[in-house]
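>>> need coordinates for the following:
(chains A, B and C)
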Amino acid sequence: MKKSVQNLSSGRTFNEPVIQTIYGYLLDSYGLQGWWPLIELHNSYGTNPTKTGSIRGYHPGNYTYPHTENQQFEIICGALLTQNTNWQQVEKALINLRQMDSLYPERILSCDIETLKEAIKPAGYYNQKAARLKILAEWFTNFKSQTPEREELLSLKGIGPETADSILLYAFKQPSFVVDAYTRRVVSNLGLVEEKAKYSEIKALFEENLPEDLVIYQEYHALLVEHAKRYYQKKISYSRCPLLRLVSD
DNA sequence: AACCAGGACGTGA
DNA sequence: TCACGTCATGGT
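Residues are numbered from 1 along each chain as shown, chains lettered A, B, ... in the order given. From the prediction side, this is the model:
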């Protein structure tokens, strides 16, 4: 799907997928996002004034993470804990687990379930998420292959399409585009998909209009979240989204 | 005081 | 398949 796009800065018209034009705009506006945040990274990357909220744990421009299996596991836990919850709450839960020295699969497995619930309580849904963390820990301990299949992740209770893609993209560095509620709102508001388009359709829209590139997939999803936090939290602000000017038919 | 946050699952049409 | 209720804390 290609769209003719008016490039306002250069004043010339050229053929470029609108999905790529949006990426350029977001990158210019907010800069590199440096996902997935890792709680042990003590702000060593300085501040990013264009970023909302805490900058803890982000590592913009560094795509070498995760460095260890522990970091890999931390990303996986974060992906589960952040379901329908904001990241600040997830950080509290992860830090609790860290302080208990329990942010490892073996410790999650051996941890008393009530203790585990108490630790992750700030992230909400703690009854479900505690049980599902144990399922994830069990899986992570036993899985053999270097990188899991998407279907394998989806077979685990608590892992749906977005969480599976997040784990693939950020923990295993596989170019699998992540579609979240924000992504859906943005592309729907821009008229690129129907309001109730299926997850796979939105995923395909991005993957078919971008080079299959890990860095682009990682940054694009993070940029969409950053952008949507500003214009897509309340419905009345959808109309103020600056991207609307970029996608004029 | 509602409303929502970087969703997924179980159920019944 | 799909629409809907449920899970739960905490910030605005």
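
>>> up against DNA strand C, what does chain A have?
A:84-86, A:88-89, A:121-122, A:124-129, A:196, A:198 (Cβ under 7 Å from any atom of the strand). To be clear about C-beta, it is placed using only N, CA and C from the backbone, and glycine gets the same treatment.

>>> tell me which of those residues fall in strands.
Among the residues of chain A next to DNA strand C, no residue falls in strands (DSSP state E).

>>> most neighbours out of the residues you listed, which is it?
A:K129 (23 neighbours; other Cβ atoms under 10 Å).

>>> dump the residue contacts of that residue.
Contacts here follow Cβ atoms under 8 Å, 6 or more residues apart in numbering; on that basis A:K129 touches A:80-81, A:83, A:120, A:123, A:158.

>>> TSV for those residues, including neighbour count and distance to DNA strand B?
Below are these laid out as TSV (neighbours: other Cβ atoms under 10 Å; distance: Cβ to the nearest atom of the strand, whole Å):
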residue	neighbour count	distance to DNA strand B
A:L80	23	8
A:L81	26	10
A:Q83	20	4
A:I120	24	14
A:A123	26	9
A:G158	16	5
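
>>> touching the host helix or strand of A:V187 from outside, list them.
Assigned by DSSP states H and E, A:V187 belongs to helix A:181-189. Outside helix A:181-189, the residues within contact range by Cβ under 8 Å, 6+ apart are A:193-195, A:197, A:202, A:205, A:221, A:224-225, A:227-229, A:232, A:238, A:241, A:243-244.

>>> restricted to helices, list those residues.
Counting by DSSP state H, the part of those found in helices is A:202, A:205, A:221, A:224-225, A:227-229.

>>> of the residues you listed, buried ones?
Neighbour counting with 16 or more other Cβ atoms under 10 Å marks A:202, A:205, A:221, A:224-225, A:227-228 as buried within those.

>>> get me the contact residues on chain A for DNA strand B.
Counting by Cβ under 7 Å from any atom of the strand, the positions of chain A adjacent to DNA strand B are A:35-37, A:78-79, A:82-87, A:89, A:124-125, A:128, A:156-164, A:166, A:170, A:180-182, A:225, A:229, A:232-235.

>>> how near is A:G31 to A:G61?
Relative to A:G61, A:G31 is positioned 9 Å away (Cβ to Cβ, to the nearest Å).

>>> neighbour-wise, which of these two wins?
Between A:G31 and A:G61, counting by other Cβ under 10 Å, A:G31 is the more crowded of the two (17 against 11).

>>> which intervals of chain A have sub-threshold pLDDT?
A:1-14, A:42-55, A:249 (pLDDT under 70).

>>> walk me through the domains of it.
Domain segmentation of chain A under automatic domain parsing yields A:4-62+A:188-245, A:69-171.

>>> and those, which is most packed in?
Mean neighbours per residue, mean count of other Cβ atoms under 10 Å, is largest over the domains of chain A for domain A:69-171, with a mean of 18.
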